[in-house]
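> Here is my input; please provide its structure:
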Amino acid sequence: MDIRVRKSQVKGVISVPGSKSHTIRAVAVATMAEGVSVIHSPLESEDTRSCLKAAVLFGAKVEETPECWRITGTGGRFKDPGHTIDMGNSGTSLRIFSGLSALAGFNVTFDGDDSLRTRPMGPLLDALAQLGVKTESRDGKCPVSIQGPLPGGKTGVNGKSSQFLTSLLFAAPLAGQDTEITVFNLNERPYVEITLGWLDRLGIKYERNADMSWFKIHGGQHYPHFEWTIPADFSTAAFPLGAAALAGGEVEIRNLDFSDLQGDKAVFDFFDRMGTEVERGELSTIVRPGKELKGIDVDLNATPDALPLMSAVAACAGGTTRLLNVPQARIKETDRIACMTRELRKMGAKITELEDGMVIEGTKLHGAVVDGYGDHRIVMAMAIAGLAAEGETVVKGAEAAAVTYPDFIKDFIRLGADFKII
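Here you go, the predicted model:
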């Protein structure tokens, strides 16, 4: 599916869906827990569907209504899936459930789509192997096979993706003994904070140092069941924010909780620095375009998912924007630095590609046919760029937006965006 985008103004009210990071963590914890957990307002998307399918294959029972998921957990006593688990496009689900599978005494094999097969698993597999878990993979990528049990012990993990550490932190409490983890080169710290927030909420005992380079997780613990409402996703909210900054009248974004641990709430600060008017209220956030959108320097290490949207907006802003310290953007669904550079240049953007970021000189964009690379965030970012470009932009493979935001096209048309499915 492709979408045609024409220059247009957006205005109105929008409510963004629930957090993917929280929804996947909630399903994983509910799978390990004793009893029935209730997850209110979960994100319904392709990635969370992959996660839910894995939970069922591990032995959890799932009851769904439009408002909530009720998951009867396994108490850590997983069922043998009996066949390869297809994780689709969900890297977060793959990494977390790979750690969980190490708790079982049988072999579990995971695979996914072409994009998932490009994403590194080596650091997590190496960390599990140091703990005595048997692993096999295709050059450190899917398909991967894992066989426990996970006894505990000492290990080290490269934190080039925070998901490797998150996987170990979730699995380690169910190991028989304590687990000590030394972490190297940690990126994306806010995502680890989200994981630790879940451990704290459920009373899991652990120790850590201030810079998150060392953790000790006590073994022999149990996850209790829980009931919790998933907060709105700030990484998704970035797209109506960016649209308002580039093509706005006034846009009201409802149901954002700025007290939540999601790192991507910082994107609202980035846009404030660029000249966008952001008015935060208890029940809604009002965004207006401001008098002038100007370039800034920003460290994206904690918020790598913001790179596609930030680069699209920066291409239209006055002056120079530097998106820095985000090498992990190259190992997401795609190499997002290279892909955004390539596609925005088709629209006339002036970009210097760095190993760990981008330098962007603002200019006027023109329409073009651009590729979404099967990456939900690239698809949405290029569509936002099209709202400010002269002429017509066609975004190829727009169905990828459904990975995290199934109603993206419908919601933006309701705001006034000139989107048409072709």
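> State the number of residues packed around residue 177.
Residues lying near residue 177 (other CB atoms under 10 Å) number 13. Every C-beta, even on glycine, is put in place using the N, C-alpha and C of the backbone.
> Pull the contacting residues for the closest residue to it other than its chain neighbours.
Residue nearest to residue 177 in three dimensions, not counting chain neighbours: residue 152, with 3.1 Å by CB to CB, 6 or more residues apart in numbering. Residue 152 is in contact with 131, 172, 175-179, 219, counting by CB atoms under 8 Å, 6 or more residues apart in numbering.
> Which one of the residues you listed is nearest to residue 71?
residue 172 (21.1 Å; CB to CB).
> ok, the residue lying closest to residue 300 once chain neighbours are set aside - contacts?
Nearest residue to residue 300 in three dimensions, chain neighbours excluded: residue 326, at 3.9 Å (CB to CB, 6+ apart). For residue 326, the contacting residues are 299-301, 304, 307, 337, 356-357, by CB under 8 Å, 6+ apart.
> now do 10 Å
187-188, 298-307, 310, 336-337, 354, 356-358 (CB atoms under 10 Å, 6 or more residues apart in numbering).
> Please produce a PyMOL select command covering the buried subset of those residues.
Listed next is the PyMOL selection for buried residues among the contacts of residue 326, using 16 or more other CB atoms under 10 Å:
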select buried, resi 187+188+298+300+301+302+303+304+305+306+307+310+336+337+354+357+358
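> could you pull out the helices for this protein?
Along the chain, counting by DSSP state H, helices occupy 20-32, 46-57, 91-101, 122-130, 162-171, 189-201, 234-247, 266-274, 307-314, 336-346, 376-388, 408-415.
> do you know how far the residue nearest to residue 177 is from residue 218?
9 Å (CB to CB, to the nearest Å).
> Contacts only, for the closest residue to residue 402 other than its chain neighbours.
Closest residue to residue 402 apart from its sequence neighbours, by CB to CB, 6+ apart: residue 46 at 5.3 Å. By CB under 10 Å, 6+ apart, the contact set of residue 46 is 88-90, 113, 376, 399-404, 406.
> Can you check which residues contact both of residue 152 and residue 218?
By CB under 10 Å, 6+ apart, the residues touching both residue 152 and residue 218 are 172-173, 175, 177-179.
> Show me those residues that map onto strands.
Secondary structure from DSSP state E places residue 179 of the shared contacts of residue 152 and residue 218 in strands.
> out of the shared contacts of residue 152 and residue 218, who has the most neighbours?
residue 172 leads these on contacts (other CB under 10 Å) with 30 neighbours.
> Identify the residues contacting the closest residue to residue 293 other than its chain neighbours.
Closest residue in space to residue 293, ignoring its immediate chain neighbours: residue 317 at 4.3 Å, by CB to CB, 6+ apart. Shown in contact with residue 317 (CB under 10 Å, 6+ apart): 245-246, 274-276, 292-296, 310, 360-363.
> nearest to residue 42, of these?
Among these, and counting by CB to CB, the member closest to residue 42 is residue 310, at 27.2 Å.
> give me every residue that touches the closest residue to the closest one other than its chain neighbours.
What sits nearest to residue 310 in space, not counting adjacent residues and going by CB to CB, 6+ apart, is residue 323, at 5.8 Å. Contacts for residue 323 (CB under 10 Å, 6+ apart) come out as 270, 296-300, 304, 306-307, 310-311, 314, 329, 337, 340, 351, 354, 356-360.
> Now for this structure, the helix or strand with the poorest mean pLDDT.
Ranked by mean pLDDT, DSSP states H and E, the weakest helix or strand in the chain is strand 248-254, scoring a mean of 92.
> Now that one - C-alpha only, PDB.
Only the C-alpha atoms of strand 248-254 are listed here, as PDB (Å, rounded to 0.1, in the frame of the first residue of the first chain):
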ATOM      1  CA  GLY A 248      -0.100  23.300  12.000                       C
ATOM      2  CA  GLY A 249      -3.000  25.100  13.000                       C
ATOM      3  CA  GLU A 250      -3.500  24.100  16.700                       C
ATOM      4  CA  VAL A 251      -3.400  20.400  17.500                       C
ATOM      5  CA  GLU A 252      -4.500  19.000  20.800                       C
ATOM      6  CA  ILE A 253      -2.900  15.700  21.800                       C
ATOM      7  CA  ARG A 254      -4.900  14.000  24.600                       C
END
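> Adding distance to residue 73 and mean pLDDT, write the helices of the chain out as CSV.
Below are the helices of the chain laid out as CSV (distance: least, CB to CB, whole Å; pLDDT from 0 to 100):
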stretch, distance to residue 73, mean pLDDT
helix 20-32, 5, 98
helix 46-57, 9, 97
helix 91-101, 12, 98
helix 122-130, 22, 98
helix 162-171, 13, 98
helix 189-201, 14, 98
helix 234-247, 27, 96
helix 266-274, 33, 97
helix 307-314, 35, 98
helix 336-346, 35, 98
helix 376-388, 29, 98
helix 408-415, 32, 97
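> Out of those, which is closest to residue 369?
Proximity to residue 369, assessed across these by CB to CB, is greatest for helix 336-346 (7.5 Å).
> Give the other helices and strands that that closest one contacts.
helix 307-314, strand 350-354, strand 357-361, strand 369-371, helix 376-388, strand 392-396 (3 or more CB pairs under 10 Å, 6 or more residues apart in numbering; DSSP states H and E).
> give me that answer again for 7 Å
helix 307-314, strand 350-354, strand 357-361, strand 369-371, helix 376-388 (3 or more CB pairs under 7 Å, 6 or more residues apart in numbering; DSSP states H and E).
> pLDDT value on residue 283, please?
Note for residue 283: predicted pLDDT of 81.
> If you tally nearby residues, what's the number for it?
Neighbours of residue 283 (other CB under 10 Å): 8.
> Which strand residues bridge the closest residue to it other than its chain neighbours?
Spatial nearest neighbour of residue 283, chain neighbours left out: residue 254 (6.7 Å); criterion: CB to CB, 6+ apart. Beta-bridge partners for residue 254, by DSSP bridges, are residue 15, residue 284.
> my guess is residue 254 meets residue 17, correct?
No - the pair residue 254 / residue 17 is not scored as a contact, 11.6 Å apart, by CB atoms under 7 Å.
> who has more neighbours, those two?
Applying other CB under 10 Å to residue 254 and residue 17 shows that residue 17 carries more neighbours, namely 24 against 14.
> Look at the residue lying closest to that one once chain neighbours are set aside and say how many residues are nearby.
Sequence neighbours aside, residue 43 is the residue nearest to residue 17 in space, at 5.2 Å (criterion: CB to CB, 6+ apart). For residue 43, the neighbour count with other CB under 10 Å is 26.
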